[in-house]
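Q: Need coordinates for the below:
(one chain, ligands or ions: 1)
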Amino acid sequence: MENQFQVGTTTTISGMIHNVRVTKWGGFIILRKARGLVQTVVGEQSHFYDEQGAEIAMADLCREMAVTITGTVNEAKIKDPAALNNTIEIAVDKVEVLSRPSSTEVIDMNALKFGDEEALLRYKFDNRQVTLRNPRDMGILKVQSTIAKAFADYLTEQGFTQIFTPKIVSEGAEGGANVFTMDYFGKQVYLAQSPQFYKQIGVGVYERVFEIAAAYRAEKHATSRHLNEYISLDVEMGFIKGQEDVMKLEADLLRSIIARVNTACAHELNLLNATMPVLPENVPAWKLSEVHEILFNEHLCEADHRGEDDLAPEEERAICKYALEKYGSDFVFVTHFPSEHRAFYAMDDPKDPTLTLSFDLLMRGLEITSGGQRMHSEDDYRRKMIARGMNPDNFRFYLDTFRNGMPPHGGFAIGLERITACFLGLTNVKEASMFPRDINRVAP
Ligand code: AMO
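A: Sure thing, here's the model as predicted:
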């Protein structure tokens, strides 16, 4: 691509017409490529041809035509951060139309006026198949794709095997009411809330596994942090000494992802005006009870949350702010959540069985990960299931895994849309989903 833009050379470039601006002396055709816009300048030397090769006028060109442009690369200073290369423009010799939209009124996001941010988002999502065609949204999803690739690459280097597990399942793994049911040839089944059971099973096979796949949660409330279908970056590893091994792996993995995004997506980060988070060598880690105490003692929250079973959203924001100011970290691990409120597969802390060896990772005020050590003895699973009123018979294949032997193990899952939104400072995770599903939306 770089060679294509050598000043003084003739180049041929194909793309979609993002915009046409006619001036007295000619005008501009702004071409859209996969990574951004290219400015081309029309002058007296320019000729235009339709799909049949017949000569047409510049005025016959319109947005979203697919074209091939041949011209000379010239130096230029382009201010638009969406420019693929802001030091050049192309003086057009010829434009060949390859195909055209069937409507002459294609959607132009820039020309639309909206009363408020909500209305803009609604319009964007209602017409996502077309509104995605703008440098900002393309940039968000490019960063997301880079995160997923960096995740897979790092783990593969560390000896992890990528697995693909079923999304139609006989039991929900995470409990709670947010599970979608579906009819499966007359039997009630579920959409997987997570690949939890299957990634643990994968550890019995490959020791270290990861998966990148959709997870389903029947979230009944429209919030800026929940989707009904999201992409879960799942990791599970065997032969751990404790949850610290899992936390260390996640910190190292994130360091590698951040470095990759910084180098591979410098253009997108600039366009989105995003500053990547700081992940220090030692990420602050506090027990849940310690977080409540810190925030109370430092007067950082309005309410007194001591004794509560979970983190309140105001606490998530406050502890992240505290960690950044005091320890220079955009990330905070919170550990030792109460057993009663954690998924049944979490291992209880032998020192205090009311707590679990589990953690959340917060970033810039938002939970991006849950993880921890899991139980590995069938007896422990049965005991916990029965205590929670679950029927172990419904989990036969899962329990069978432990009956047949499992190493000490643990893992975590990162919500891909959440981490993308946090990296880029987006206020709504839906913006980091190509086609978001929420309580009111299943199309496009
Ligand atoms: P948990 O339910 O906390 O844990 O989910 C893990 C991470 O997935 C993301 N996430 C969501 N993102 C968008 N919309 C949602 N509705 C949504 N729900 C969850 C979040 C969250 O931190 N099996 C465990 C993980 C593990 O222990 O390995 C699990 O699913 O970023």
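
Q: any idea how far the ligand is from Thr116?
A: Residue 116: Asp, not Thr. As judged by C-beta to the nearest ligand atom, to the nearest Å, Asp116 and the ligand stand 24 Å apart. Every C-beta, even on glycine, is put in place using the N, C-alpha and C of the backbone.

Q: Please apply the same query to Ala150.
A: For Ala150, the distance to the ligand - C-beta to the nearest ligand atom - is 17 Å.

Q: sec struct for that residue, please.
A: helix (DSSP: H, G, I helix; E, B strand; the rest coil).

Q: can you pull the contacts of it?
A: Ser256, Ile257, Arg260, Val261, Ala264 (C-beta atoms under 8 Å, 6 or more residues apart in numbering).

Q: tell me the pLDDT at the closest residue to the third one other than its chain neighbours?
A: To tie it back to what came earlier, the one meant is Arg260. The shortest distance from Arg260 to any non-neighbouring residue, by C-beta to C-beta, 6 or more residues apart in numbering, is to Ala150 (3.8 Å). Ala150 carries a pLDDT score of 99 in this model.

Q: closest to the ligand among the contacts of Ala150?
A: Ile257 (14.2 Å; C-beta to the nearest ligand atom).

Q: Would you confirm that the closest one contacts Phe151?
A: Yes - at 6.1 Å, Ile257 counts as touching Phe151 under the criterion of C-beta atoms under 8 Å.

Q: Verify the stated contact: Val235 with Asp245.
A: No - Val235 lies out of contact with Asp245 (C-beta under 8 Å); the separation is 11.6 Å.

Q: Looking at these two, which has the bigger crowd around it?
A: Taking other C-beta atoms under 10 Å, Val235 and Asp245 do not tie; Val235 has more neighbours (24 against 16).

Q: Assign the more buried one to helix, strand or coil.
A: Taking three-state DSSP, the label given to Val235 is strand.

Q: Over to Pro353?
A: Quick answer, by three-state DSSP: Pro353 is strand.

Q: Relative to the ligand, how far out is it?
A: When Pro353 is compared with the ligand (using C-beta to the nearest ligand atom), they lie 19 Å apart.

Q: Now do the same contact list for the closest residue to that residue other than its chain neighbours.
A: Counting by C-beta to C-beta, 6+ apart, the nearest residue to Pro353 once its immediate chain neighbours are dropped is Ser339, at 6.6 Å. Residues in contact with Ser339 (C-beta under 8 Å, 6+ apart) are Ala346, Asp348, Pro353, Thr354, Leu355, Thr356.

Q: The fifth one touches His336, doesn't it?
A: Yes - applying C-beta under 8 Å, one finds Leu355 in contact with His336, separated by 4.5 Å.

Q: quick one: which of the two has more around it?
A: His336 (24 against 20).

Q: can you give me the helices in the stretch 301-444 of the chain?
A: Using DSSP state H, counting those that start in this stretch, the helices found in the stretch 301-444 of the chain span residues 313-327, 378-387, 396-403, 416-424.

Q: quick check, distance from the shortest one to the centre of its chain.
A: Yep, that's helix 396-403 we're talking about. Counting by C-alpha atoms, centre = their mean, to the nearest Å, helix 396-403 is centred 32 Å from the centre of its parent chain.

Q: For that helix, which residues meet the burial criterion?
A: Residues of helix 396-403 classed as buried: Tyr398, Leu399, Thr401, Phe402 (neighbour count, 16 or more other C-beta atoms under 10 Å).

Q: Tell me the one of the residues you listed nearest the ligand?
A: Tyr398 (13.1 Å).

Q: Could you check how many residues crowd around the nearest residue to Pro195 once chain neighbours are set aside?
A: In this structure, Pro195 finds its nearest non-sequential neighbour in Thr165, 4.4 Å apart by C-beta to C-beta, 6+ apart. Neighbours of Thr165 under the rule other C-beta under 10 Å: 18.

Q: so who does whatever residue of the chain ends up closest to the ligand touch?
A: For the chain and the ligand, the shortest gap (C-beta to the nearest ligand atom) falls at Gly415, measuring 2.5 Å. Contacts for Gly415 (C-beta under 8 Å, 6+ apart) come out as Tyr230, Ile231, Ser232, Leu233, Ile368, Thr369, Val429.

Q: Check Glu250 too.
A: Val235, Leu361, Thr369, Gly371, Phe412, Ile414 are the contacts of Glu250 under C-beta under 8 Å, 6+ apart.

Q: So it, which state does it fall into?
A: Assignment for Glu250 (three-state DSSP): helix.

Q: Give me the distance between it and Asn282.
A: As for Glu250, its distance to Asn282 is 14 Å (criterion: C-beta to C-beta, to the nearest Å).

Q: cool, Met65 as well?
A: 54 Å.

Q: out of the two, which sits in the busier spot?
A: Neighbours were counted for Met65 and for Asn282 using other C-beta under 10 Å; Met65 has more, 21 against 8.

Q: Does the more buried one touch Val97 like I think?
A: Yes - using C-beta under 8 Å, Met65 is in contact with Val97, at 5.5 Å.

Q: which neighbours does the longest strand along the chain have in its sheet, and in what orientation?
A: Identified as the longest strand of the chain according to DSSP state E is strand 10-23. Partner strands and pairing direction for strand 10-23 (DSSP bridges) are strand 26-33 (antiparallel), strand 66-75 (antiparallel).

Q: For whichever helix or strand comes after the last one, name the packing helices and strands.
A: Sequence-wise, the next helix or strand beyond strand 66-75 is strand 88-99, with elements assigned using DSSP states H and E. Strand 88-99 is packed against strand 10-23, strand 36-42, strand 47-49, strand 66-75, with contacts defined by 3 or more C-beta pairs under 8 Å, 6 or more residues apart in numbering; DSSP states H and E.

Q: Return the most buried member of those.
A: strand 36-42 (a mean of 22; mean count of other C-beta atoms under 10 Å).

Q: got a list of contacts for that strand?
A: Contacts for strand 36-42 (C-beta under 8 Å, 6+ apart): 13, 15, 18, 26-32, 58, 69, 71, 74, 76, 78, 80, 82-85, 89-92, 135, 138, 267, 271.

Q: give me that answer again for 6 Å
A: Contact partners of strand 36-42, identified using C-beta atoms under 6 Å, 6 or more residues apart in numbering, comprise 18, 26-31, 58, 69, 78, 82-84, 89-92, 135.

Q: Repeat that for stretch 196-210.
A: 155, 159-163, 165, 173, 234-238, 398, 401, 406, 409.

Q: same thing but at 8 Å, please
A: Taking C-beta under 8 Å, 6+ apart as the rule, stretch 196-210 contacts 151-152, 155, 158-163, 165-166, 169, 171, 173-174, 211, 233-239, 343, 345, 374, 395, 397-398, 401, 404-407, 409, 411.

Q: So among the residues you listed, which ones count as buried?
A: With burial judged by 16+ other C-beta under 10 Å, the buried subset of these is 151-152, 155, 160, 163, 165, 169, 171, 173-174, 211, 233-238, 343, 345, 374, 395, 398, 401, 406, 409, 411.
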